[in-house]
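K.L.:
Give me a 3D structure for the following:
(one chain, ligands or ions: 1)
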Amino acid sequence: MDSYQINVDGKEHNFLVFKRLTEPCHQCGVEACGKEDILWYETAEDKVSLVYDGSTIDIVVESFLSYTDIEKSELPVFISDWNMGKGWSDCWVYQGYSLDVGDLHCAIAML
Ligand SMILES: [Zn+2]
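P.N.:
Below you'll find the predicted structure:
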């Protein structure tokens, strides 16, 4: 697996890349125009990550919410947090933000 590093205020965060979904921008050459985001899980040794364009989830969840009739109170926390701009969707710290795996699976299945 490739590795992926983020350096924040001199502190290095290292990830193993399980899958990278981003591509270099045709205009500026930067991966996802610098909007890369990471989902990861931790093993005893590593943070195994999925690297994606940060706007992908916004686009998918937004279109899901515009077509669904589901009561807001019945949505997975992952989606309702995005809708209210809190929790993980409000998270810009590179230490990351914990998501409940079951809730994330439920959200992915709905999307
Ligand atoms: Zn670009």
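K.L.:
what's the distance between the residue located most distally from the centre of the chain and Leu75?
P.N.:
Of all residues in the chain, Asp69 has its C-alpha farthest from the mean position, at 24.6 Å, by Cα atoms, centre = their mean. Remark: distance between Asp69 and Leu75 (Cβ to Cβ, to the nearest Å) = 12 Å. Just so you know, the C-beta spots here come from the backbone N, C-alpha and C atoms, and that holds for glycine as well.
K.L.:
and what of Asp2?
P.N.:
34 Å.
K.L.:
now do Val61
P.N.:
10 Å.
K.L.:
before we move on, what about Asn7?
P.N.:
36 Å.
K.L.:
thinking again about what came up before, common neighbours of Val61 and Leu75, please.
P.N.:
Asn83 (Cβ atoms under 8 Å, 6 or more residues apart in numbering).
K.L.:
Quick one: mean pLDDT for the longest strand anywhere in the chain?
P.N.:
Assignment by DSSP state E gives strand 11-20 as the longest strand of the chain. If you average the pLDDT over strand 11-20, you get 92.
K.L.:
what does that strand rub up against?
P.N.:
Under Cβ under 8 Å, 6+ apart, the answer for strand 11-20 is 1-7, 38, 40, 46-51, 94-95.
K.L.:
is the next helix or strand after it anywhere near the ion?
P.N.:
Per DSSP states H and E, the first helix or strand lying C-terminal to strand 11-20 is strand 36-42. No - Strand 36-42 stays clear of the ion (Cβ under 5 Å from the ion), getting no nearer than 11.8 Å.
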